[in-house]
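Provided below are the primary sequence and the corresponding predicted coordinates.
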Amino acid sequence: MPRNATNEWHRRRDVRAVIWAIVPAAGRGARFGGDVPKQYLQIAGEPLIAHALDALLAEPRVEGAVVALAADDARWPGWTSRAGKPLRRCDGGGERADSVLAALHALPAAVGDDDLVLVHDAARPNLRVDDVSRLIDAALGHADGAILAAPVRDTLKRAGRDGAIAATEPREALWRALTPQAFRRGPLTRALQAARDAGAVVTDEAMAMERAGARPRLVEGREDNLKVTTPADLALAEYLLARR
Ligand code: CTP
Ligand code: MG
């Protein structure tokens, strides 16, 4: 087959790809503190998890979502659809990666090995749909998938053991990994399973894929797609959502 024909085949095949979202929401929010896990804190009239889900489902190509919840979660409103799209739930696990792996297994059978899965933190409410669209475009065109990321802006210091500065680190090639992160279902499932089998702690999906030898694309996303980790982050997210 001539090269152009091969590319054309991949392009047409990818256009048909089924796309689902996964939202890990089984965390306890230890750094945030308080009784209510942060994914259920309200801003702009909705819990954080609703903002996260709605941002994903607003992308026309995203067909549905799986949320991973703590087994003893009594706050989940029981949604089975949102924005006219199906919503499934599953029990998460002890680490974020365990929750994502559980959700991958809970996807419908219609999501094939080569179909695309977007993993997005429940604690990131300020996601814009155009970032989701650009991520999908990049991931469809790249076998190893893609992630939203933002270049590091601050000057970086390495601390010595005494708490004093040991060095200034070059930041030119450094990015902050955001979510969503988009990978094909089969390779992502195998990469997360391999990391678990090896006892390796992976803090995002890309890290699992990197361990497996993949080189996912960086897609520059909005810097205000922040993860709510502390009460100060919540105030900032509230301000950003109110301005939209
Ligand atoms: N998460 C999950 N399962 C876990 C741990 C985390 O699904 N076992 C989810 C969280 O609910 C959150 C996302 O992964 O939506 C990002 O994790 P993080 O911000 O660390 O949330 P928490 O783990 O809840 O917070 P903390 O680390 O402060 O306890
Ligand atoms: Mg955590």
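Here it is on my side, so go on. Ligands and ions are numbered 1, 2, ... in the order given.

mind listing what Arg89 touches?
Contacts for Arg89 were tallied using Cβ atoms under 8 Å, 6 or more residues apart in numbering; they are 66-69, 76, 106. Backbone N, C-alpha and C define where each C-beta goes, glycine included.

ok, now how distant is whichever residue of the chain sits closest to ligand 1 from Ala110?
Of the chain, the residue with the smallest distance to ligand 1, taken as Cβ to the nearest ligand atom, is Gly27 at 2.1 Å. To Ala110, Gly27 is 28 Å away according to Cβ to Cβ, to the nearest Å.

which ones, among the contacts of Arg89, also lie beside ligand 1?
Taking Cβ under 6 Å from any ligand atom as the test, ligand 1 is in contact with Ala68 out of those.

and Gly27 and Ala110? Which one has more around it.
Legend: neighbour count by other Cβ atoms under 10 Å for Gly27 and Ala110, higher for Gly27 (20 against 10).

what's the more buried one in contact with, if anything?
37-39, 70, 96, 99, 122-123.

name the helix or strand for it, please.
Using DSSP states H and E, Gly27 falls within no helix or strand.

repeat for Met207
helix 205-211.

tell me the helices and strands packed up against the next helix or strand after that helix.
On the C-terminal side of helix 205-211, the closest following helix or strand by DSSP H and E is strand 217-220. Counting contacts by 3 or more Cβ pairs under 8 Å, 6 or more residues apart in numbering; DSSP states H and E, strand 217-220 is packed against helix 129-140, strand 146-151.

mind checking which of those is nearest Ala177?
Closest to Ala177 of these, according to Cβ to Cβ: strand 146-151, at 5.4 Å.

who touches the helix or strand just after the closest one?
Using DSSP H and E, the helix or strand that follows strand 146-151 in sequence is strand 156-159. With contact meaning Cβ under 8 Å, 6+ apart, strand 156-159 is reached by 165-171, 174.

from those residues, pick the one nearest Ala146.
Using Cβ to Cβ, the contacts of strand 156-159 come closest to Ala146 at Leu174, 17.6 Å.

so what's the residue nearest to the closest one when sequence neighbours are not counted up against?
Excluding the flanking residues, the one nearest Leu174 by Cβ to Cβ, 6 or more residues apart in numbering is Val152, at 4.3 Å. Shown in contact with Val152 (Cβ under 8 Å, 6+ apart): 171, 174-176.

okay, and which of the residues you listed map to strands?
If you go by DSSP state E, the contacts of Val152 have 175-176 in strands.

for this protein, give me the ranges with low pLDDT.
1-15 (pLDDT under 70).

in it, which spans are strands?
19-25, 42-43, 46-47, 62-69, 81-82, 85-91, 116-119, 146-151, 156-159, 165-169, 175-184, 217-220.

now those as CSV including distance to Leu241?
Converted to CSV, the strands of the chain look like this (distance: least, Cβ to Cβ, whole Å):
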stretch, distance to Leu241
strand 19-25, 17
strand 42-43, 6
strand 46-47, 9
strand 62-69, 20
strand 81-82, 17
strand 85-91, 21
strand 116-119, 20
strand 146-151, 18
strand 156-159, 29
strand 165-169, 33
strand 175-184, 17
strand 217-220, 22
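
quick check: residues of the protein near ligand 1?
Counting by Cβ under 6 Å from any ligand atom, the residues of the chain that sit close to ligand 1 are 24-32, 39, 68, 92-96, 99, 121-123, 227, 229.

drop anything exposed from those.
For the residues of the chain next to ligand 1, a burial check counting by 16 or more other Cβ atoms under 10 Å picks out 24-27, 29, 32, 39, 68, 92-93, 95-96, 99, 121-123, 227.

list the contacts for the residue at minimal distance from the centre of the chain?
Among the residues of the chain, the one closest to the centroid is His120, at 2.6 Å (Cα atoms, centre = their mean). Residues counted as contacts of His120 (Cβ under 8 Å, 6+ apart) are 21-23, 52, 55-56, 127, 179-181.
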